[in-house]
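1. just to be clear, the model below is a prediction. Sequence and coordinates:
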Amino acid sequence: MIHIKQDEFKELTEYLKSNYGINLSKKKILIEGRLNNILIEKGFKNFRDYLNFLFNDMSKNELTLLINKLTTNHTFFMREAAHFEYFKNEVLPYLGGKVKDGDLRIWSAGCSSGEEPYTLAMILEDYFQGNKGVWDKKVLATDISVNVLHTGERGIYSKESIERIPANWKLNYFNKIDNDNYQVSDKLKKEVIFRVFNLMDEVFPFKKKFHVIFCRNVMIYFDAKTKMELVNKFYKMTEPGGYIFIGHSESISRDETDYRYIMPGIYRKG
């Protein structure tokens with residue numbers, strides 16, 4: 001085991017926090033455990049040489065690999081299914097009556113490898129079938145990691161990761177590759193737009209506000225100050241009457257936001 005010195009640990013964690021909002025200041029053992037294989041594979045005998053290499057890599061590819069290693073969150077289709085039920089049964093009927101121009105704007109922020117935005121896209125396809133010419137319902141899916149976005153764009157998932165989805169979804173939206181893997185259909189891929197985006201950017205570059213934002217199990221890595229700054233940026237980018245979904249294990253302080261609590265993990269603007 002290659003151990004990280006305290007000054008190296010502090011340098012790395014402060015860099016991740018200031019640039020990406022990721023707070024790992026109490027995760028020294030996790031950092032050592034998850035990064036040891038990287039150091040060994042690349043021939044580094046200590047963390048100092050690795051950090052010098054990391055911070056001097058102009059392509060940022062190594063930094064992307066590091067973030068993937070440290071923040072990888074197990075995900076699958078239909079995770080926290082109650083959120084998708086509420087989205088289908090409560091949010092979409094409301095938006096169907098409110099959005100008159102057919103421009104439905106939904107954002108999966110911190111989308112990881114694509115399971116969440118594809119789940120939303122399937123719900124939207126089913127709900128608006130027959131009205132496809134009227135609605136622009138593409139889902140924006142963003143993440144800081146290029147690697148996980150490439151996984152989402154490829155749309156290849158294991159049999160285990162899709163086992164919770166309805167049988168008709170497997171039939172309509174997936175093609176079986178082999179006994180262990182399925183691929184998202186081309187028609188569904190067209191309904192999800194994958195983009196690289198850092199939630200720590202001071203200004204969100206979007207021209208229009210969103211009717212629904214999903215940012216689930218992302219803020220668990222942020223400290224309280226960073227989290228509330230992000231929530232307030234989300235609030236400014238939410239249409240009046242719009243919704244934000246966060247993870248079941250996460251919460252937003254009612255004293256520090258104008259979002260109104262609906263149920264665990266679901267909040268509404270106005």
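-> That came in fine, so what should we check first?

2. in the stretch 1-150 of the chain, which spans are strands?
-> 106-109, 139-143 (DSSP state E, counting those that start in this stretch).

3. list the strands paired with the last one, with their directions.
-> To tie it back to what came earlier, the one meant is strand 139-143. strand 106-109 (parallel), strand 192-196 (parallel) (DSSP bridges).

4. let me have the ones you listed in a markdown table, extended by mean pLDDT, mean neighbour count and distance to Ser59.
-> Any C-beta I mention is one placed from the backbone N, CA and C, and that applies to glycine too. Shown next, in a markdown table, are the strands paired with strand 139-143 (pLDDT from 0 to 100; neighbours: other Cβ atoms under 10 Å; distance: least, Cβ to Cβ, whole Å):
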| stretch | mean pLDDT | mean neighbour count | distance to Ser59 |
| --- | --- | --- | --- |
| strand 106-109 | 98 | 26 | 24 |
| strand 192-196 | 97 | 16 | 13 |
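
5. in JSON lines, list those strands along with distance to Asn179.
-> What follows is the strands paired with strand 139-143, written out as JSON lines (distance: least, Cβ to Cβ, whole Å):
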{"stretch": "strand 106-109", "distance to Asn179": "29"}
{"stretch": "strand 192-196", "distance to Asn179": "26"}
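
6. how about those, which one is nearest Lys225?
-> Among the strands paired with strand 139-143, the nearest to Lys225 by Cβ to Cβ is strand 106-109 (18.6 Å).

7. who touches the closest one?
-> For strand 106-109, the external contacting residues (Cβ atoms under 8 Å, 6 or more residues apart in numbering) are 116-117, 120, 124, 137, 139-142, 197, 199, 210-215, 218, 234, 237.

8. show me where pLDDT drops low in the stretch 51-200 of the chain?
-> Applying pLDDT under 70 to the stretch 51-200 of the chain picks out residues 72-76, 130-133.

9. can we see that at 90?
-> Along the stretch 51-200 of the chain, segments meeting pLDDT under 90 span 58-65, 67-80, 100, 129-134, 144-148, 163-164.

10. any figure for the gap between the residue nearest to Cys215 when sequence neighbours are not counted and Ile123?
-> Nearest residue to Cys215, sequence neighbours excluded (Cβ to Cβ, 6 or more residues apart in numbering): Ala109, at 4.2 Å. The spacing between Ala109 and Ile123, counted by Cβ to Cβ, to the nearest Å, is 17 Å.
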